[in-house]
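Peer 1: Just to be clear, the model below is a prediction. Sequence and coordinates:
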Amino acid sequence: MSIYAIGDLHLSGEPPSKPMTIFGEHWQNHWSQIKNSWLQQVRQEDTVIICGDISWALTLQEALVDLNAIAALPGHKILLRGNHDYWWSTIKKMTTATHNDFSFLHNNYFRASKYAICGTRGWNMPGSEAYTSQDETILQRECLRLENSLQKATADGYQEIIVALHYPPLYKDMATSAFEKIITRYKAKQVIFGHIHGNDCQYVFQGVHNNTNYQLVSADCVNFALQKII
């Protein structure tokens, strides 16, 4: 069993109602590139983590065309919310609407062989442009959700932990962050995240920090190919 990850699919139906080429020609046919990578690598017994910004849809009903396209691909899919996933609803509603095709990561965790997949959306951190007291409230809530996820996994005896976020938990100019402190305390093996695109990819921290490997998996930053995590 292998674990793969990718973030920021930014789907909008087929043909796309919101073509991503407005952000550069390298986004041309990006979903076809992702699907080809997926089909070449992923087997039915594998797990794929999608780190948010899955569909541009505004409602769950509108998102089903994109979710069904993902569901048709092999592997067990674990999804978490991105800042553009306005269609995101309650776990019960999403699970029912998608006929149990997905595991939705939100105040919980999921097992993949000996690994616990934990995580939350994340949020902007102090020092970000236009950071406000409202951001601080959301940040604290997201930290609690990450802690809840990790607590549940460790209480069930898991020692091999993978953390999935949408927002980066650490930038190159930061020694630590609220998310990094939680991740380090629970001794996560791997952290994967998305949200960042284009030239901004150079500013996030990637590599080993306090014995945890951090890896950016935004679709355009990994050439629209699934990344093998485990």
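Peer 2: Alright, I've got the coordinates. Residues are numbered from 1 along each chain as shown.
Peer 1: Check for me that Asn199 belongs to a strand.
Peer 2: No: under DSSP: H, G, I helix; E, B strand; the rest coil, Asn199 falls outside any strand and is assigned helix.
Peer 1: Give me the number of neighbouring residues for it.
Peer 2: Look at Asn199: counted by other CB atoms under 10 Å, it has 7 neighbours. All C-beta atoms are positioned from the backbone trio N, CA, C, and that covers glycine.
Peer 1: Can you read off the pLDDT for it?
Peer 2: What the model reports for Asn199 is a pLDDT of 92.
Peer 1: So which residues make contact with the helix or strand where Lys93 lies?
Peer 2: Lys93 is located in helix 91-97, with elements delineated by DSSP states H and E. Judged by CB atoms under 8 Å, 6 or more residues apart in numbering, the contacts made with helix 91-97 from elsewhere in the structure are 60-61, 64, 67, 88-89, 102, 104, 106, 108.
Peer 1: Show me which of those residues is closest to Phe205.
Peer 2: Among the contacts of helix 91-97, His106 lies closest to Phe205 (CB to CB), at 25.0 Å.
Peer 1: The closest one and Leu80, how far apart?
Peer 2: Using CB to CB, to the nearest Å, His106 is found at 7 Å from Leu80.
Peer 1: is it true that Val42 touches His76?
Peer 2: No: because the distance of 9.6 Å does not satisfy CB atoms under 8 Å, Val42 is recorded as not touching His76.
Peer 1: So for these two, which residues contact both of them?
Peer 2: Val48.
Peer 1: what's the distance between the residue lying closest to Thr47 once chain neighbours are set aside and Ile229?
Peer 2: Nearest non-adjacent residue to Thr47, counting by CB to CB, 6 or more residues apart in numbering: Ala112, 4.3 Å away. When distance is defined by CB to CB, Ala112 is 10 Å away from Ile229.
Peer 1: anything in contact with each of these two?
Peer 2: Once CB under 8 Å, 6+ apart is applied, the residues that Ala112 and Ile229 both contact turn out to be 3, 162.
Peer 1: Show me which residues of stretch 3-17 are buried.
Peer 2: 3-13, 16 (16 or more other CB atoms under 10 Å).
Peer 1: Then stretch 189-203?
Peer 2: Within stretch 189-203, the residues that qualify as buried by neighbour count (16+ other CB under 10 Å) are 189-197.
Peer 1: One more: stretch 72-82?
Peer 2: 75-82.
Peer 1: Closest one of those to Glu147?
Peer 2: Leu80 (15.5 Å).
Peer 1: ok, that closest one - contacts?
Peer 2: Residues near Leu80 by CB under 8 Å, 6+ apart: 49-52, 104-106, 119-121, 164-166.
Peer 1: hmm, try it at 10 Å
Peer 2: Taking CB atoms under 10 Å, 6 or more residues apart in numbering as the contact definition, Leu80 lies against 7, 49-54, 88, 103-106, 117, 119-122, 164-166, 193-194.
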